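Colleague: Predicted coordinates and the sequence they were generated for:
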Amino acid sequence: MDPIVVRLDFLEFPPTHTCDGADTSPRIRISGLKAASVAVMAVNPFQPSCCSFCPWLIWNLPAKDEIPAGIPPHEVVSAPVTAVQGRNDFGKIGYKGPCPPPGATHRYTFKVYGLDAVLSLFPGATKAELIGAMQGHVLQYGETVALYTR
């Protein structure tokens, strides 16, 4: 599997991408991508309620070197990029930024998958359903991490 390099514009979340700001999805830059489509799964391993809380699922992104910021919380997105989004572990569609309690830190890992096809997966699918749909289609993988402390 060929690795891809995944980068955010920050190591610590600016408020605009958190519950303390506009709660918009961040820009994700990708290098070395050779795929037909891209899927992203954000995971917060420090959420007290479980071990791998998922605040964002998005797939069928075009295989480009940048996923733009500010993707709206719709099941099917046409701007600023075309994509399909799933139901996150908050039970909502779209991105939900970190919101730790005062004095705590949350870490988000953005897992980026380069796929050999566009997935035939219905909008609003869960993390388990996305993982199942990606089986046998992952050509590349990369991840990056950012922190947020309140």
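Modeller: Sure thing, it's come through.
Colleague: Need the nearest residue in space to residue 90, chain neighbours excluded.
Modeller: Distances taken as C-beta to C-beta, 6 or more residues apart in numbering place residue 96 nearest to residue 90, at 5.2 Å, with adjacent residues excluded. C-beta here means a position set from N, CA and C on the backbone, and glycine is covered the same way.
Colleague: where does that neighbour land in three-state SS?
Modeller: coil (DSSP: H, G, I helix; E, B strand; the rest coil).
Colleague: ok, it - how many residues close by?
Modeller: Burial measure for residue 96: 22 neighbouring residues, criterion other C-beta atoms under 10 Å.
Colleague: from what I can see it touches residue 55, true?
Modeller: Yes - with contact defined as C-beta atoms under 8 Å, residue 96 counts as touching residue 55 (4.5 Å).
Colleague: got any residues that touch both of those two?
Modeller: Shared contacts of residue 96 and residue 55, defined by C-beta atoms under 8 Å, 6 or more residues apart in numbering, are found at 88, 90.
Colleague: Contacts for the helix or strand bottoming out on mean pLDDT in the chain next, please.
Modeller: Lowest mean confidence among the helices and strands of the chain (mean pLDDT, DSSP states H and E): strand 2-3, at a mean of 82. By C-beta under 8 Å, 6+ apart, the surrounding residues in contact with strand 2-3 are 32, 34, 114, 139-142.
Colleague: Out of those, which comes closest to residue 82?
Modeller: residue 114 (16.6 Å; C-beta to C-beta).
Colleague: how about that closest one, what does it touch?
Modeller: The neighbours of residue 114, taking C-beta under 8 Å, 6+ apart as the test, are 2, 4, 33-35, 38, 63, 138-141.
Colleague: Kindly reformat those residues as CSV containing distance to residue 79, neighbour count and secondary structure.
Modeller: Listed next are the contacts of residue 114 as CSV, based on distance: C-beta to C-beta, whole Å; neighbours: other C-beta atoms under 10 Å; DSSP: H, G, I helix; E, B strand; the rest coil:
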residue, distance to residue 79, neighbour count, secondary structure
2, 30, 12, strand
4, 24, 21, coil
33, 21, 18, coil
34, 25, 11, coil
35, 22, 22, coil
38, 17, 24, strand
63, 18, 16, coil
138, 27, 15, strand
139, 27, 17, strand
140, 26, 20, strand
141, 27, 14, strand
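Colleague: Nice, that's everything, thank you.
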